[in-house]
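Novice: the following comprises the amino acid sequence and a computationally predicted model.
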Amino acid sequence: MKRALYYLLPACVISVATAAHAQTGRPASSGAPAQGDTVTVGLGIGVTTSYDGARDYRIIPGGALLGTVSGHDFRLNGLQLFVDAIPNNPRRMIDFELGPVAGVNFNRTGDVNDSRIKALGELETAVELGVRGSVGMRGLLNRTDKLSLAVTGVWDIAGAHRSHVISPAVEYSTLAGRRTFLRLAFTTEFVGERWADYNFGIDGAGATASGLATHDPDGGLASIGASVLATHSLSGKRTGWALFGVASYKRLQGDIAASPIVQDTGSPNQVFASVGVGYTF
């Protein structure tokens, strides 16, 4: 279930958040006054790998929570909570986000199917704190679209991997009619050496227990990926029900992809897909 939440929540959060945007039926650059407070919850079902670098997939449940209070957005991205410290201003053509991020990482903290990975032992839960910032430009191709550059950086403070993950992304979103919202994102992950060694390294004891070769990875570029999202409002209003679908793909890179955890027992290709429903009130 921990793994399920880790993967399904990002899809639900992004999807329901954009569904709420689609429900307004109003271009973001129209100069309209800021909307009032909202809270969105979502439920869905998806399919994902059982741990980072795995080749086996499982069906998972999940949920989502996000909203806006006094002009400040908050949302769960995976198991990371982000709060935007910059109030919304729909009159701005240039949109900024900046705020704290807090979350946890449950990678390989539970049961795994592969006996060789199980022999490496369970990992500890990482508690990660950091910051996310983005800058976006509205109205590039039409009155409702936005192109953004975003960076999220988190650091483990619980003594698990004791390192960092930096995630730059390019995001493009637009309304396709009054009820349908589309979003494309191109993502990358850069990790510290301790993160790489903790999640994908194999020492002598681990090699003896699992039968896999030793591996001492460096940090750097860990993955490149992309995602596509579609949401459709059922109510045609700012509040109410919406459906969503999302699919994402990332390919592990460098020393991460070269790990026996990936090469011998798993796959560098990581796919996620889900569908669900959300409600905004």
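Specialist: Looks like it arrived, so ask away.
Novice: quick one: strands adjacent to the host helix or strand of L243?
Specialist: Using DSSP states H and E, L243 sits within strand 240-252. Strand 240-252 sits in its sheet next to strand 220-233 (antiparallel), strand 269-280 (antiparallel), going by DSSP bridges.
Novice: pLDDT below threshold where in the protein?
Specialist: 1-35 (pLDDT under 70).
Novice: quick one on the thing from earlier: show residues contacting the next helix or strand after the strand holding L243.
Specialist: As assigned by DSSP H and E, the chain's next helix or strand after strand 240-252 is helix 254-257. With Cβ atoms under 8 Å, 6 or more residues apart in numbering as the test, helix 254-257 has contacts from 53, 191, 196, 199-200, 215, 217-223, 251, 262-263, 268. Every C-beta, even on glycine, is put in place using the N, C-alpha and C of the backbone.
Novice: do stretch 185-197 as well
Specialist: By Cβ under 8 Å, 6+ apart, the residues outside stretch 185-197 that reach it are 156, 161-172, 216-227, 229, 250, 255-256.
Novice: out of those, which are buried?
Specialist: 156, 161, 163-167, 169, 171-172, 217, 219, 222-223, 225, 227, 229, 250, 255-256 (16 or more other Cβ atoms under 10 Å).
Novice: all strands of the protein, in order?
Specialist: Using DSSP state E, the strands of the chain run over 38-49, 57-69, 72-77, 80-83, 94-105, 126-138, 146-156, 164-175, 180-191, 220-233, 240-252, 269-280.
Novice: turn those into TSV, including distance to G204.
Specialist: Output for the strands of the chain, formatted as TSV (distance: least, Cβ to Cβ, whole Å):
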stretch	distance to G204
strand 38-49	27
strand 57-69	31
strand 72-77	37
strand 80-83	34
strand 94-105	25
strand 126-138	24
strand 146-156	24
strand 164-175	26
strand 180-191	23
strand 220-233	24
strand 240-252	24
strand 269-280	28
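Novice: which one, of those, ends up nearest to I117?
Specialist: strand 38-49 (11.8 Å; Cβ to Cβ).
Novice: okay, buried residues for the closest one please.
Specialist: 38, 40-42, 44, 46, 48-49.
Novice: one more: stretch 174-183?
Specialist: Quick answer for stretch 174-183 (16+ other Cβ under 10 Å): 174-175, 179-183.
Novice: one more: stretch 109-128?
Specialist: Residues of stretch 109-128 classed as buried by neighbour count (16+ other Cβ under 10 Å): 109, 112, 114, 116-117, 120, 123-128.
Novice: from P268, how far off is G159?
Specialist: Separation of G159 from P268 (Cβ to Cβ, to the nearest Å): 29 Å.
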